[in-house]
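[1] Could you work out the structure for the sequence below:
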Amino acid sequence: MSRSSSLRYYGATRLLLAPLMLWLISTLVFLLLRATPGDPVDALLGPRAPQAAKDALRSQLGLDKSLFWQYLDYLGSLLRFDLGTSLISKETSVWEIIQKFFPATVELAVYSMAIALLVGITIGILTASRPNTPLDASGRLFGILTYSVPMFWFGMLLQLVFSVQLGWFPLGTRFPITVPVPVEVTGLYTVDSLLSGNLAQFFTALYYLALPCLTLGVLISGIFERIVRVNLKQTLKADYVEAARARGIPESRILISHALKNALIPVVTILGLTFAALLGGAILTEVTFSWPGLANRLYRAIAQRDYPTVQGVVVFFAGIVAIASILIDILNAYIDPRIRY
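    As a prediction, this is how the structure comes out:
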């Protein structure tokens, strides 16, 4: 089998598996929502509402049907790319909710990932190039701490120190209410402000992003630090690196031009999957900082038993993870032909 045909076969296999994964996730979410305590009708009308009003609303929402028929209606809507209408925000479709809140989550994820890569790769390179030193031990400790520290606790600690005590950063908003928001083009305030040529709005948006992105970025950076440190240590012991040292090539050039390129290959896999997880898993950061993103909106929907919103947002996030997984698998198969055989 030729290289191009094997790559196409590998990519087609991954594409065929994606719908199965989405079906399993959507089914699991559907069943879990209906197994949890609480009734969306009580959440909408209150527990003391007349039973006739409850029955009428339950019939209107289709909750009076059997679980099997509810599931069939749900799958049919998904096949039509209809995520439904929010129970709480009446006459607002789930797609409209995603369109409104998702840009804030994307912006948070992008800048958090930038911080994570900068911090993680830098510390990984520094510690790997100085093995068995206090700096190397500090890098290992950094990786352990960032992996084990709860995100919500770290976020609250940073808010307490830098917002409450020092007053350096704002709390609980994406942009000051006294300043007009950038003219919406993409929904990303930093991008929209640059497109409109307003640098004041750009730096204001960065200022409000700083603390939540620092929280998320620093804790995620430990993933990249460990991968870079371990792989770079192994690469620096390879035969071709020893041969480069024997030819008198400076150590800094060996590190950057030879060893680092190979050590960063596993980062590609982690980068894509981590970014996809950031989009769907930033809920703790968004709730802690009251960030008006889609993950925070999902949290509110769960608390309010808003079935269509929870199901739709989770399936949307699952689709992002599935697409990212496929792209990363194909990219890795292209870089390393051994994967697709």
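[2] part of a strand, is residue 132?
    No - Residue 132: not assigned to a strand; according to DSSP: H, G, I helix; E, B strand; the rest coil it is coil.
[3] That one: neighbour count?
    Number of residues near residue 132 (other Cβ atoms under 10 Å) recorded here: 7. Backbone N, C-alpha and C define where each C-beta goes, glycine included.
[4] do the one 10 residues further on as well
    Number of residues near residue 142 (other Cβ under 10 Å) recorded here: 21.
[5] Give me the buried positions along the one helix or strand residue 322 maps to.
    Under the criterion of DSSP states H and E, residue 322 resides in helix 307-335. In terms of neighbour count (16 or more other Cβ atoms under 10 Å), helix 307-335 has its buried residues at 307-322, 324-326, 328-330, 332-333.
[6] Could I get the average pLDDT for that helix?
    Mean pLDDT, helix 307-335: 78.
[7] just stretch 75-82 next, same as before
    83.
[8] in it, what's buried?
    Applying 16+ other Cβ under 10 Å to stretch 75-82 flags 77-78 as buried.
[9] Contacts for it next, please.
    With contact meaning Cβ atoms under 8 Å, 6 or more residues apart in numbering, stretch 75-82 is reached by 26, 83-84, 315.
[10] at 6 Å what do you get?
    If you take Cβ atoms under 6 Å, 6 or more residues apart in numbering as the criterion, stretch 75-82 is touched by no other residue.
[11] Show me what whichever helix or strand residue 234 is part of is packed against.
    Taking DSSP H and E as the criterion, residue 234 maps to helix 199-235. Contacts defined by 3 or more Cβ pairs under 6 Å, 6 or more residues apart in numbering; DSSP states H and E place helix 199-235 against helix 94-128, helix 134-148, helix 151-158, helix 189-195, helix 260-263, helix 265-281, helix 283-288.
[12] shaky segments in the stretch 101-250 of the chain?
    Where the stretch 101-250 of the chain drops to pLDDT under 70, the residues are 241.
[13] and the helix holding residue 322 with helix 94-128, angle?
    Angle, helix 307-335 to helix 94-128, by axes from the mean of the first three to the mean of the last three Cα atoms, to 10 degrees: 40 degrees.
[14] For helix 307-335, what is the distance to the chain centroid?
    Remark: helix 307-335 is offset 11 Å from the chain centroid, using Cα atoms, centre = their mean, to the nearest Å.
[15] and it, what does it pack onto?
    By 3+ Cβ pairs under 6 Å, 6+ apart, helix 307-335 packs against helix 3-35, helix 94-128, helix 265-281, helix 294-303.
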